[in-house]
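**Student:** I'd like to go over a predicted model; first the sequence, then the structure.
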Amino acid sequence: MLNKLKKNNKKGFTLVELIVVLVILAILAALLIPALTGYIDKAKEKQIIAETRQAVMAAQTLVDEKYATKAAGGTISIGGSSADVNTDDIKALAEVTGTLGTIEVDKVEITSGSGLYKVIIKSLEYTNNSKKCTYTAAATDKYAVTAAP
């Protein structure tokens, strides 16, 4: 008789226990997925800001180098192959793959009446992966990210 009891004593989970565990896992997944997508969006936003910073620094470097070769008070143009600073050169130096939009350069006199100027990047637009980041030198929030049109 003892042998028959031992044979019928099977170990394992019941169907109800398995369903309860699956329901708990589904609830946890439903709670975590929105939080994870928020982190992914924030990471993408930080990535485009970092790439825009790289483009601004590269543009500033190339503009400074070109301005040093100009006559005193000269101007700098940024754009295609005929410009002083080529946008492809900026992208290559910054090591970014997105698209550079409008880039504005401004000359600022270092000391009033001195005749000495420095050239700054006033604004720059950078687009990558359906996100657009605009850098503005005068704004308190220098980098603004929006969806690309």
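**Tutor:** Ah, there it is. Residues are numbered from 1 along each chain as shown.
**Student:** where in the chain is pLDDT low?
**Tutor:** Applying pLDDT under 70 to the chain flags residues 1-10, 139, 141.
**Student:** what about the helices in it?
**Tutor:** Secondary structure of the chain (DSSP state H): helices located at 2-8, 15-69, 87-94.
**Student:** right, so these: which one is the most enclosed?
**Tutor:** helix 87-94 (a mean of 18; mean count of other C-beta atoms under 10 Å). C-betas here are computed from N, CA, C, even on glycine.
**Student:** Turn the helices of the chain into JSON lines, columns for distance to S130.
**Tutor:** As requested, the helices of the chain are exported to JSON lines (distance: least, C-beta to C-beta, whole Å):
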{"stretch": "helix 2-8", "distance to S130": "63"}
{"stretch": "helix 15-69", "distance to S130": "9"}
{"stretch": "helix 87-94", "distance to S130": "18"}
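**Student:** what's the closest of those to T102?
**Tutor:** Nearest of the helices of the chain to T102, taken as C-beta to C-beta: helix 87-94 at 10.4 Å.
**Student:** how distant is the closest one from the center of its chain?
**Tutor:** 17 Å (C-alpha atoms, centre = their mean, to the nearest Å).
**Student:** what's the angle from it to helix 15-69?
**Tutor:** Per axes from the mean of the first three to the mean of the last three C-alpha atoms, to 10 degrees, the angle that helix 87-94 makes with helix 15-69 is 120 degrees.
**Student:** Give me the contacts around helix 87-94.
**Tutor:** For helix 87-94, contacts defined as C-beta atoms under 8 Å, 6 or more residues apart in numbering pick out 51, 54-55, 57-59, 61-62, 78-80, 97-98, 100, 103.
**Student:** Among the helices of the chain, single out whichever gets nearest to A144.
**Tutor:** Proximity to A144 (C-beta to C-beta) singles out helix 15-69 among these, at 9.4 Å.
**Student:** Check the offset of that closest one from the chain's centre.
**Tutor:** 9 Å.
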